[in-house]
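In: Here is my input; please provide its structure:
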Amino acid sequence: MIRLLLSERRAQVVLATVLATLSAIASILLLAHLNLLAGGGMPDGRAVGIALGLIVIVFASNLVAQCYLARYSAATIARLRRSLSERFIAMDYERLQTLGSGVVSASLITDLGTLVTLFLVLPLFFFNAVSLLLCLGYVAVLSPKLFGVVAAMLVVGYALSRFTMGRFYANYFAVRAEEDELYGHFQAISQGKKELSLSAARSRHFLEKVIQPSIERIRGRAAVAQSWWSFTGNLFATLNFAAMLAVIAIGAVVFGLDTAVVLQAFAILLFSVQPMSFLIVAWRDISMGFAAAQRLQNVGLDTMPAMPDIGEARDDWRELAAIGLQHRYAGSDRHGFAFGPVDLSIRRGETVFVVGGNGSGKSTLALLLAGLLRPTAGHVAIDGRAIGEDELARHRRRFAAVFFDFCLFRHPIDREGCAADDAHVNAMLERLDLADKVHAENGVLSTLDLSQGQRKRLALLQAELSDSDIFLFDEWAADQDPEFKRYFYREFLPTLKRRGKTVIAITHDDRYFDAADRVVRLEQGRIAEPPRPVAEVEPV
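Out: Numbering: from 1, shown residues only. This is a model prediction of the structure:
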């Protein structure tokens, strides 16, 4: 993922490299000139003028390079955020369910935030790395022997850091794994707030036996990771000072170098302390950034295609069918719930009610028909042709749904993703008896803070605006008062039928079964009895 982002901006990377290199060269030239002035006695006016000119050049080149790097970094971060958001939206529902909401939340918040820090630090890291390399190059020009001493110490430091950084990575990955679990616990606080508020025993148990142990495991691992990182930083800092001592002692005593050469090498190494210190501090952020990228790769976002432009899904299909449809949820054993096999055909424009007890497979059937779950056997077909993997996204666009665990959005939109007309939305809110609670203005709903029944009515509006071919309703009327149950079955569904829409409604309201063309009953994941004869469906 990081390589992809850098390759997409290859020209900017090259320009950033050139600017950082020129800025570092200017700094080294200034330092070399100051070394010459310091060793040559009282400088003349021309030498001072050159020094002042170099100071101005260093200031200007540093400013230009770092401002450009900042703009490049900001643009890369924006691209990263857009790309990851797009890829999460494009992620299959089934994949999301397998990963778990805690992993997704941690990836979007923690890993994305860590990657953002990486791209904030990376340009300055590169700038300081170039400065350090030029410092070492300057030492090599002054004295290859002294450079050999410094290089030997750097090799020793690198070899030791490979071990210490390995320990850091191991503990950091362990911390991230624990954080996934902790995020799940934090979500449970919100989801189970009512239950926790009613039971002091449950609240204390959840805090002390569930959350606190998780926090303690993270604390322990994080402390170990930080200790290994501190050891690495201190190691390099110590080696840097040792290199200075070696330059003075070995250069003068062992190699017998001129004092001026030793002092110039010492001054260069002293100058290199700042970039070296920055590199040591920044390397942790970079290491954690690459670790976060690895985490996102494990989630599957690095290879997942971005959200496709699937185009219009309207066509003249006549029949939606389930052929030998079966599904077994990941992790379930051979004695667990298995859906199917189910054979079912639904004609376009038909209203079908799906009924059955809890756990009978009603919602699974709906998810399979909509292409949100993939069958483990059998297939879903349109007009006798199986829906292939490359057609799933387009097939899903045939559907609008209000699921049992529905989600509301503040922006009502039409089928094409454009803001729905405020007047039309407000008229629908009036019909749904929501006008005194919420209204649309400039394409935005004023609030979503409603009761469960009212939120379901708002979800009904959201689905209706999509103008899709097929509507799925999962126990929509369960939270409605008698007035709106009657509205749903006697007005809303017949209106959809007159418009040629296909309706698949999961329901227990046997009082209104006559509103359907067919009632399909499921038991233990299978159709329990032959469906009633299909009523004549008016041609669309």
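
In: which helices and strands sit right next to the longest helix belonging to the chain?
Out: Assignment by DSSP state H gives helix 144-191 as the longest helix of the chain. When contacts are defined as 3 or more CB pairs under 8 Å, 6 or more residues apart in numbering; DSSP states H and E, helix 144-191 packs onto helix 101-106, helix 112-142, helix 212-249, helix 259-271, helix 273-299. Yep, even glycine has a C-beta here, placed from its N, CA and C like the rest.

In: Serialize these to CSV and add fields for distance to Val150, mean neighbour count and mean pLDDT.
Out: Formatted as CSV, the helices and strands packed on helix 144-191 follow (distance: least, CB to CB, whole Å; neighbours: other CB atoms under 10 Å; pLDDT from 0 to 100):
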stretch, distance to Val150, mean neighbour count, mean pLDDT
helix 101-106, 42, 18, 65
helix 112-142, 6, 19, 81
helix 212-249, 5, 16, 85
helix 259-271, 7, 19, 82
helix 273-299, 11, 18, 78
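
In: Go ahead and confirm Ala32 touches Tyr138.
Out: Yes - counting by CB atoms under 8 Å, Ala32 touches Tyr138, with 6.9 Å between them.

In: For Leu472, which three-state class applies?
Out: What DSSP: H, G, I helix; E, B strand; the rest coil gives for Leu472 is strand.

In: Nearest residue to Phe236 in space, please, no chain neighbours.
Out: What sits nearest to Phe236 in space, not counting adjacent residues and going by CB to CB, 6 or more residues apart in numbering, is Ile280, at 5.1 Å.

In: ok now do that neighbour, which residues does it touch?
Out: Applying CB atoms under 8 Å, 6 or more residues apart in numbering to Ile280 gives the contacts Thr232, Gly233, Phe236, Ala237.

In: Check the gap between the third one and Gly157 for me.
Out: The reference is to Phe236. 6 Å (CB to CB, to the nearest Å).

In: repeat for Ala477
Out: 70 Å.

In: give me the number of residues near Gly443?
Out: 15 (other CB atoms under 10 Å).

In: quick one, phi psi at the closest residue to it other than its chain neighbours?
Out: With sequence-adjacent residues excluded and distances taken as CB to CB, 6+ apart, Gly443 is closest to Ala419, at 3.3 Å. When read as degrees, to the nearest 10, the backbone of Ala419 gives phi -60, psi 130.

In: Would you mind confirming that Ala419 is in contact with Arg410?
Out: No - with contacts defined as CB under 8 Å, Ala419 does not count as touching Arg410, sitting 11.2 Å away.

In: the more surrounded of the two?
Out: Ala419 (14 against 11).

In: so what's the more buried one up against?
Out: Counted by CB under 8 Å, 6+ apart, Ala419 has contacts His411, Pro412, Ile413, Asn442, Gly443.

In: out of the residues you listed, which is most surrounded?
Out: Going by other CB under 10 Å, Pro412 tops the contacts of Ala419 with 24 neighbours.

In: In this structure it contacts Ala463, no?
Out: No - in terms of CB under 8 Å, Pro412 does not count as a neighbour of Ala463; the distance is 10.8 Å.

In: For whichever strand or helix holds Ile28, give the mean pLDDT please.
Out: Element membership of Ile28 [criterion: DSSP states H and E] is helix 10-39. Mean per-residue pLDDT for helix 10-39: 75.

In: Buried residues in it, which are they?
Out: Residues of helix 10-39 classed as buried by neighbour count (16 or more other CB atoms under 10 Å): 12-13, 16, 19-35, 37.

In: right, and the helix or strand after that helix?
Out: Moving toward the C-terminus from helix 10-39, the next helix or strand (DSSP H and E) is helix 45-90.

In: what's the angle between that following helix and helix 112-142?
Out: For helix 45-90 against helix 112-142, the angle by axes from the mean of the first three to the mean of the last three CA atoms, to 10 degrees is 150 degrees.

In: Remind me what helix 45-90 packs against, helices and strands.
Out: Against helix 45-90 (3+ CB pairs under 8 Å, 6+ apart) you get helix 2-8, helix 10-39, helix 112-142.

In: so which of those helices gets nearest Ala267?
Out: helix 10-39 (5.6 Å; CB to CB).

In: Which other helices and strands does that closest one contact?
Out: helix 45-90, helix 112-142, helix 259-271.

In: what's the domain layout of the chain?
Out: 2-299, 319-527 (automatic domain parsing).

In: weakest of these by average pLDDT?
Out: domain 2-299 - the lowest mean pLDDT of the domains of the chain, at a mean of 79.

In: chain center to whatever helix or strand Arg95 lives in: distance?
Out: Taking DSSP H and E as the definition, one finds Arg95 inside helix 93-99. Mean-position distance between helix 93-99 and its chain equals 14 Å (CA atoms, centre = their mean, to the nearest Å).

In: quick revisit: a markdown table please, covering the helices and strands packed on helix 144-191 and showing distance to Lys193.
Out: Output for the helices and strands packed on helix 144-191, formatted as a markdown table (distance: least, CB to CB, whole Å):
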| stretch | distance to Lys193 |
| --- | --- |
| helix 101-106 | 16 |
| helix 112-142 | 26 |
| helix 212-249 | 19 |
| helix 259-271 | 58 |
| helix 273-299 | 28 |
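
In: among these, which is nearest Arg396?
Out: Closest to Arg396 of the helices and strands packed on helix 144-191 is helix 101-106 (CB to CB; 19.5 Å).
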